[in-house]
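Trainee: Sequence unavailable; structure follows:
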């Protein structure tokens, strides 16, 4: 059974990816400041991707045949650019340098899936059908850090001949995502309102933006499928539904599933200063290579997310 290293194994996507992989791989899950317990085929290791020595020792010891690099600071609204760039760019560089060091010593060269982001495109020129060669105009620190790490991934696939494939997931949500992101933020508010007889208003920001939203369980299936096919090192793939939905419609669906009538109140504090009006991806390149198709409809994703928050509030 092949070994696979998953960085950010305790994150939102990681918690859905690990169960999907554990029947096919021996997993080394890299976590940070967490206490997840190891189990059959899953060994969790606490460590920091800013510690290159730690990564070099880990790579040298386990030599995983495959690596999925998820670890990142994800909130697009974060105003801590130094930490974002440290984790998202320098952490990625440390991982690649650790692999390159082992490659120089013994020819070790695993397949690496770098999980980039649709945020690299930002205010791009064709936002209703974004292709992999669309220009990058990131609109926040997170997007800029991902552009840097995305292009670093390409560079090291060429200069160091590392087998890095770049995946750019668009918006994805589902059970386990932290509040602060739109769907869990709305779902958690709805559940709080359901339990409070004196409250019937929900605070919202801009609802006119259009996003390409997938279920996280479909997205991590895409990560698993890309492991099994051949792609040219440095190549990039969009992973998305290919369909846009207005956030106003997403909230409407959530409110229809609520257990009481809820009024919408606009909150200026929830408005983002550099909101991108529309982001919809073209997924044809990824689908043609892997056969991947999104299977979970948005209504189910939203219902499952609501139930997740209801269980958390019990």
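Mentor: Perfect, I can see it now. This is a predicted model, so every value here is computed, not measured.

Trainee: The stretch 101-250 of the chain: helices as residue ranges?
Mentor: When secondary structure is read from DSSP state H, counting those that start in this stretch, the stretch 101-250 of the chain shows helices at 141-159, 182-195, 216-227, 247-256.

Trainee: Which of those sits closest to residue 19?
Mentor: Smallest distance to residue 19 across those (C-beta to C-beta): 9.1 Å, for helix 216-227. C-beta: built from backbone N, CA, C; applies to glycine.

Trainee: Which elements pack onto the closest one?
Mentor: With contacts defined as 3 or more C-beta pairs under 8 Å, 6 or more residues apart in numbering; DSSP states H and E, the packing partners of helix 216-227 are helix 12-21, strand 66-69, strand 111-115, strand 163-169, strand 172-173, strand 236-239, helix 284-290.

Trainee: wait, which of the ones you listed is closest to residue 95?
Mentor: strand 66-69 (6.0 Å).

Trainee: List the buried residues for the helix or strand following the closest one?
Mentor: Downstream of strand 66-69, the first helix or strand assigned by DSSP states H and E is helix 81-85. Using 16 or more other C-beta atoms under 10 Å as the burial criterion, the residues of helix 81-85 that qualify are 84-85.

Trainee: Return the residues in contact with residue 15.
Mentor: In this structure, residue 15 makes contact with 9, 176, judged by C-beta atoms under 8 Å, 6 or more residues apart in numbering.

Trainee: Of the helices and strands packed on helix 216-227, which is nearest residue 258?
Mentor: Across the helices and strands packed on helix 216-227, residue 258 has its closest neighbour in strand 172-173 (17.1 Å, C-beta to C-beta).

Trainee: Need the helices and strands packed on helix 216-227 in CSV (columns: distance to residue 204).
Mentor: Formatted as CSV, the entries for these read as follows, by distance: least, C-beta to C-beta, whole Å:
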stretch, distance to residue 204
helix 12-21, 22
strand 66-69, 34
strand 111-115, 29
strand 163-169, 24
strand 172-173, 16
strand 236-239, 27
helix 284-290, 32
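
Trainee: Tell me, how many residues neighbour the nearest residue to residue 263 once chain neighbours are set aside?
Mentor: Nearest residue to residue 263, sequence neighbours excluded (C-beta to C-beta, 6 or more residues apart in numbering): residue 201, at 4.8 Å. The number of residues packed near residue 201 is 11, by other C-beta atoms under 10 Å.

Trainee: Could you do residue 253 as well?
Mentor: 17.

Trainee: quick revisit: wait, which of the helices and strands packed on helix 216-227 is closest to residue 251?
Mentor: Nearest to residue 251, of all the helices and strands packed on helix 216-227, is strand 172-173, at 12.7 Å by C-beta to C-beta.
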